[in-house]
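Undergrad: Sequence first, then the predicted structure, then my questions.
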Amino acid sequence: MNRRHPPELPELLHEVDPNDALPLAEALSALIPPAKAPPQLLRERLLATVARPRLRYSPLFAQLTDLFDLDDTDLAALFERAATPQAWTDTPIPGTRLMHLQGGPRVAGADNGLVRLAAGARFPLHRHLGRERVLVLDGGYRDEHDGQLYLPGDRHEMQAGTSHAYTALTERELLFAVSVVAGVEVEGFGTLSPAAG
C-alpha cells in the first residue's frame, strides 16, 4: 500500500512507520542547536530605530497618508514634533490634549490633528458636526455607543449628526490621529476641534 506523505516532511520520515514518525521528529529536533540571540549591538540599534519618534508609527504611514494627505517625510516630521511637549495643547476636557497639523490639499477643509487621552480617561458624549475619521496609533478605547473596542491600526469613522462617548483603556495613554469636518459639539464643553483647541 502506497501512503502519500506531505511534501514538508523530511525524506527520512517517508521511510518510517507513521507510529514512529513523531518520536523520531522530536528526537531530531532536540539535536538542533538553540537559536542565538542577536548580537547586543544589533539589538540596541534595532530598538533605537523603532524608538525614534520619526519612525515609531511608520507601519501606519500608508493609513496616515490617506487620513492627512501627507507623504512619509511629512509624517516623520510630524511625529518628531509630537515628541516635544510644547507641540500639544490642553483642552477643557480632563486628560485630553491636542496637536494641530496642516493636512494636504485633499483634506484642506477638515481639521486635522493628533489627540491624546490619559489612560482610563473618558471623552464625554459628543455630536459630530461633520464627518470624523480616526486612526488609533497607541493604546485603545471602547466606544460606549456600541461597545466596540478600537486598538492600534483600527479606523473609526463617524458621520455628521452621529453621537457617542468613549473611554481610553486603563493600560496606557491613548493616541489617535483625527480628521474632522466642522468639529464636534461636546456635552458640557461646547464645540471642539483639533484646529480650534
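TA: Structure received. Only a predicted model underlies this, so the values are computations on that prediction, with no experimental measurement involved. Residues are numbered from 1 along each chain as shown.
Undergrad: what's the spacing between the nearest residue to Ala83 once chain neighbours are set aside and Pro152?
TA: Once flanking residues are discounted, Ala83 sits nearest to Pro53: 3.8 Å by C-beta to C-beta, 6 or more residues apart in numbering. Every residue, glycine included, has its C-beta placed from N, CA and C. Distance, Pro53 to Pro152, using C-beta to C-beta, to the nearest Å: 16 Å.
Undergrad: do the same with Ala182
TA: Between Ala182 and Pro152 the distance is 27 Å, computed by C-beta to C-beta.
Undergrad: likewise Glu185?
TA: 28 Å.
Undergrad: again with Leu64
TA: According to C-beta to C-beta, Leu64 and Pro152 sit 12 Å apart.
Undergrad: need the contact list for the most centrally placed residue in the chain.
TA: When C-alpha atoms, centre = their mean is applied to the chain, the residue found nearest the centroid is Pro152 (2.5 Å). Residues near Pro152 by C-beta atoms under 8 Å, 6 or more residues apart in numbering: Leu60, Val136, Leu137, Asp138, Gly139, Gly140.
Undergrad: which of those count as buried?
TA: Leu60, Val136, Leu137, Gly139, Gly140 (16 or more other C-beta atoms under 10 Å).
Undergrad: for these, which one is nearest Asp90?
TA: Closest approach between these and Asp90, by C-beta to C-beta: Gly139, at 18.6 Å.
Undergrad: Can you tell me how far the closest one is from Glu157?
TA: Distance of Gly139 to Glu157, given as C-beta to C-beta: 19 Å.
Undergrad: Phe79 now?
TA: Phe79 is 23 Å from Glu157, by C-beta to C-beta.
Undergrad: Among these two, which residue is more densely surrounded?
TA: Each of Phe79 and Glu157 has its neighbours counted (other C-beta atoms under 10 Å); Phe79 has more, 19 against 12.
Undergrad: Verify the contact between that one and Tyr57 for me.
TA: Yes: contact criterion C-beta atoms under 8 Å: Phe79 and Tyr57 qualify, at 5.9 Å.
Undergrad: Flag the shaky bits of this structure, pLDDT-wise.
TA: 1-14, 16, 18, 21, 37-38, 41-52, 193-197 (pLDDT under 70).
Undergrad: Could you rerun that using 50?
TA: 1-7, 196-197 (pLDDT under 50).
Undergrad: Please, where are all the helices along it?
TA: According to DSSP state H, the chain carries its helices in the segments 11-14, 18-30, 40-51, 61-68, 72-82.
Undergrad: Show the contacting residues for Asp143.
TA: Counted by C-beta under 8 Å, 6+ apart, Asp143 has contacts Leu149, Tyr150, His156, His164, Ala165, Tyr166.
Undergrad: what sits opposite the residue nearest to the third one when sequence neighbours are not counted in the beta ladder?
TA: To tie it back to what came earlier, the one meant is His156. Leaving out its chain neighbours, the residue that sits closest to His156 by C-beta to C-beta, 6+ apart is Val134, at 4.4 Å. In this entry, Val134 is beta-bridged to His156, Val178, by DSSP bridges.
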